[in-house]
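> how would this look folded up:
(2 chains)
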Amino acid sequence: MRMDDLYAEIILDHSRAPHHAGLREPFDAQTHQVNPTCGDEVTLRLAVQRGEDGGLAVQDVSFDALGCSISQASVSVMTDLVIGESLAHAQKMLAAFEAMITSKGADPGDENLLGDAVAFAGVAQYPNRVKCALLGWKAFKLAAAQAEVGAT
Amino acid sequence: MAVVAHVSPELGSHRVRADFPVLERTVRGGKPLVYLDSGATSQRPTCVLDAEQEFITDHYAAVKRGAHQLADEATEYYEGARAKVATFVGARQPEEIIFTAGATASLNLVAYAFGNATGATGDAARFAGGPGDEIVVTEMEHHANLVPWQELCRRTGATLKWFGLTDDFRLDLSDVSGMITPRTKVLALTGESNVLGTLPPVADLTAAAHRVGALVVLDACQSVPHRANDFAALDVDFAAFSGHKMLGPTGIGVLCGEYALLETLPPFLTGGSMIEVVYMDHSTYLPPPARFEAGTPPVTQAVALGAAVDYLTDLGMDHVEAHAMELTGLALQGLSALPGVSILGPATTDARGPAVAFLVDGIHPHDVGQLLDDAGVAVRVGHHCAWPLHRRYGVSASSRATFGVYSTADEVAALVDAVAGAQKFFAGR
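The predicted model follows:
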């Protein structure tokens, strides 16, 4: 794979100017994830609200992250995708993203579901970068679980 | 970019490189492998592999037991390896060499054995520590020479203290007498930072520790592979190092300890091979080194480590050191000449070993490593198991190039080119 593909323009754009960066109030859950091999970390806040269908929806996600361009861009793209979605749909995207990233290239990702996040499909070719791409998503996964517990 | 090189003729030469088959291979779409990660783990010469195979094929059996010829031969090979290693690092006698699973195991052995002296009477009492006692480390330690001491303090109630680091990447020695005091039980320090390359004044600090009756534990992982060592002359009480960083196999390390201390140090792992007499309610233990080698030892790995020691000895450790330092000088020069690149460590080869960590403005080390990898250049990225050190300098990670006997000036030039290429890649898009 060429570096131009791994570091697609959309990834570099997000890493240079991450969307929804900076921790915000109010929030219902806050989680912290660390990549122990490189020291990268992310603190992520999630605010949820009860939707008309009675289920929880993602009202806001904010974060403070320290890390490589892949991890920064990945959490940034994720916030664009999940904010405004139902928590159930966000979790579906999360599962699809994780499947794509850990597929070693077999799963190119469903663009209808994952939108810009399919740009990270190339990361799957580099096992040592998988953790980078997943850092923010793992933080969201934990925050979502916390918010669900808090809401019941 | 052109780097004019004058390196020791034998090392890094075609002849030496031919001993390391892996260097022939290509990576990432046909690019020649430029392996600059020997500080993490070194490649192995064929003679080490051959020694292992010959031992397994012709002489393998359980050591130190069995009334048969093979057992005798295997034991002879194993003990022969111990003698080679002892000579190589300047141990006073082969029995000062304890084979372990690796340097991490060696350091944990010492820390746990010290802990096992808690409540001891007699000679072993000198190893015991508790509330009011202090263990001194440094801020540049590898996690393997930090976490075991944190844990020992937690178990015993002793206090952990550490020498900080200066802005010019040296140990802060402004208050040695305030740091090493009559309360100090243990001074545990590295012989050479695996990130900065910095060489602490081990002999001076050892003397200071001994003046107050403290024990000195040296992490020699980085220094043993590329410098002549004389632990007896250095006067450290214990020294730990790994086989896989010195052209040997994984799964073996060494704890070298002063014999008189080993004789009274309580055991850590217990079981077969280390006992003298076993009763149902208690046991007595063999003298060192057997006392610290419970279970079936890594015999095959020890034999291969002996072959690695022979190989290094044949090259000559003075040559090995000169070669590593020439490459270090070239790397320091080449990298610092690039705008936006800074060395995380001393900028010259003065009081320094061959680990060259560096930072590239605006590019995370992981991204630097990725671009280098794409050019065939293998370096380490991350905190290199020295997280507190990186925190001290306000960074979460760095990229690090380290050199082996097979490394060449051309490879250093390839590194510098690849770093410049990474800068160009990220600046241009």
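
> quick one: which helix or strand includes residue 76?
Answering for chain A, as no chain was given. Element membership of residue A:76 [criterion: DSSP states H and E] is helix A:69-82.

> Wait, chain B was what I had in mind.
In this structure, residue B:76 sits in helix B:69-89 according to DSSP H and E.

> Wait, a strand at residue B:98?
Yes - inclusion of residue B:98 in a strand is indicated when DSSP: H, G, I helix; E, B strand; the rest coil is applied.

> Would you tell me whether whichever helix or strand residue B:115 is part of gets close to chain A?
With elements delineated by DSSP H and E, residue B:115 resides in helix B:103-116, which encompasses its position. No - no part of helix B:103-116 sits close enough to chain A to count as contact by C-beta under 8 Å from any C-beta of the partner chain; the gap is at least 15.6 Å. No exception for glycine: its C-beta is placed from N, CA and C like everyone else's.

> so after that helix, what's the next helix or strand?
From helix B:103-116 onward toward the C-terminus, using DSSP H and E, the following helix or strand is strand B:134-138.

> Please, where are all the strands along the stretch 151-300 of chain B?
B:159-163, B:184-190, B:215-219, B:238-242, B:253-257, B:275-278, B:283-285 (DSSP state E, counting those that start in this stretch).

> now those as TSV including mean pLDDT?
Compiled in TSV, the strands of the stretch 151-300 of chain B are given as follows (pLDDT from 0 to 100):
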stretch	mean pLDDT
strand B:159-163	98
strand B:184-190	98
strand B:215-219	98
strand B:238-242	98
strand B:253-257	98
strand B:275-278	96
strand B:283-285	97
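
> could the ones you listed go into TSV alongside distance to chain A?
Shown next, in TSV, are the strands of the stretch 151-300 of chain B (distance: least, C-beta to the nearest C-beta, whole Å):
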stretch	distance to chain A
strand B:159-163	19
strand B:184-190	19
strand B:215-219	20
strand B:238-242	19
strand B:253-257	22
strand B:275-278	38
strand B:283-285	37
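
> Any chance of JSON lines for those, columns mean neighbour count?
Compiled in JSON lines, the strands of the stretch 151-300 of chain B are given as follows (neighbours: other C-beta atoms under 10 Å in any protein chain shown):
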{"stretch": "strand B:159-163", "mean neighbour count": "19"}
{"stretch": "strand B:184-190", "mean neighbour count": "26"}
{"stretch": "strand B:215-219", "mean neighbour count": "27"}
{"stretch": "strand B:238-242", "mean neighbour count": "29"}
{"stretch": "strand B:253-257", "mean neighbour count": "29"}
{"stretch": "strand B:275-278", "mean neighbour count": "12"}
{"stretch": "strand B:283-285", "mean neighbour count": "13"}
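
> List just the one of the ones you listed that sits closest to residue B:48.
Taking C-beta to C-beta as the criterion, strand B:238-242 is the member of the strands of the stretch 151-300 of chain B that comes nearest to residue B:48, at 14.1 Å.

> what's that closest one packed up against?
Based on contacts counted as 3 or more C-beta pairs under 8 Å, 6 or more residues apart in numbering or on different chains; DSSP states H and E, the elements that strand B:238-242 packs against are helix B:103-116, strand B:215-219, strand B:253-257.

> Tell me what angle that strand forms with helix B:69-89.
With axes from the mean of the first three to the mean of the last three C-alpha atoms, to 10 degrees as the criterion, the two stretches strand B:238-242 and helix B:69-89 enclose an angle of 110 degrees.

> Tell me the gap between strand B:238-242 and the middle of its chain.
A distance of 7 Å separates the C-alpha centroid of strand B:238-242 from that of its chain, computed with C-alpha atoms, centre = their mean, to the nearest Å.

> follow-up on the earlier one: determine how far the helix holding residue B:115 lies from the middle of the whole chain.
With C-alpha atoms, centre = their mean as the basis, helix B:103-116 stands 15 Å off its chain's centre.

> That one packs against which elements?
Other elements packing on helix B:103-116 under the criterion 3+ C-beta pairs under 8 Å, 6+ apart are strand B:97-100, helix B:147-156, strand B:184-190, strand B:215-219, strand B:238-242, strand B:253-257.

> Counting by contacts, list what the shortest one packs against.
Just to be clear, that refers to strand B:97-100. If you count contacts as 3+ C-beta pairs under 8 Å, 6+ apart, strand B:97-100 packs onto helix B:69-89, helix B:103-116, strand B:253-257.

> swap the cut-off to 10 Å and go again
Contacting strand B:97-100 under the criterion 3 or more C-beta pairs under 10 Å, 6 or more residues apart in numbering or on different chains; DSSP states H and E are the following elements: helix B:69-89, helix B:103-116, strand B:238-242, strand B:253-257, helix B:299-315.

> how about those, which one is nearest residue B:54?
Closest of the helices and strands packed on strand B:97-100 to residue B:54 is helix B:299-315, at 8.6 Å (criterion: C-beta to C-beta).

> Moving C-terminal from the closest one, which element do we reach first?
Along the chain past helix B:299-315, the next helix or strand (assigned with DSSP H and E) turns out to be helix B:317-336.

> Just after that next one, pick out the following helix or strand.
strand B:341-343.

> so who does residue 146 touch?
Unless you meant another one, I'm taking chain A. Listed by C-beta atoms under 10 Å, 6 or more residues apart in numbering or on different chains, the contact set of residue A:146 reads A:28-31, A:46, A:48.

> I was thinking of chain B, sorry if that wasn't clear
Residue B:146 touches B:107, B:137-140, B:160, B:162, B:188, B:190, B:219, B:385-389, counting by C-beta under 10 Å, 6+ apart.

> Closest one of those to residue B:89?
Taking C-beta to C-beta as the measure, residue B:219 is the one of those closest to residue B:89, at 13.3 Å.

> now the closest one, which residues is it bridged with?
When bridges are called by DSSP bridges, residue B:219 pairs up with residue B:190, residue B:240.

> quick one: it and residue B:245 touch, right?
No - look at residue B:219 against residue B:245 with C-beta atoms under 10 Å: they stay out of range, at 11.5 Å.

> what do the two both touch?
Shared contacts of residue B:219 and residue B:245, defined by C-beta under 10 Å, 6+ apart, comprise B:103, B:194.

> So for the biggest helix by length in chain A, what gets flagged as buried?
Among the elements of chain A assigned as helix by DSSP state H, the one spanning the most residues is helix A:130-151. Along helix A:130-151, these residues count as buried under the neighbour rule (16 or more other C-beta atoms under 10 Å in any protein chain shown): A:130-144, A:146-147.

> likewise stretch B:343-362?
Buried residues in stretch B:343-362, defined by neighbour count with 16+ other C-beta under 10 Å: B:343-346, B:349, B:352-360.

> ok, now stretch B:45-62?
By neighbour count, and taking 16+ other C-beta under 10 Å as the criterion, the buried residues in stretch B:45-62 are B:45, B:47-48, B:51-52, B:55, B:59-61.

> now that stretch, how far from the chain's geometric center?
Using C-alpha atoms, centre = their mean, the mean C-alpha position of stretch B:45-62 is found 24 Å from that of the whole chain.

> Now do that stretch, average pLDDT.
For stretch B:45-62, the mean pLDDT works out to 96.

> Let's see which of the buried residues of stretch B:45-62 end up in helices.
Among the buried residues of stretch B:45-62, the residues falling in helices (DSSP H) are B:47-48, B:51-52, B:55.

> Looking at the residues you listed, which is nearest chain A?
Lowest distance from chain A to these (C-beta to the nearest C-beta) belongs to residue B:48, with 26.8 Å.

> before we move on, back to that, identify whichever of the helices and strands packed on helix B:103-116 lies nearest to residue B:291.
Closest among the helices and strands packed on helix B:103-116, once you apply C-beta to C-beta, is strand B:97-100, at 8.6 Å.
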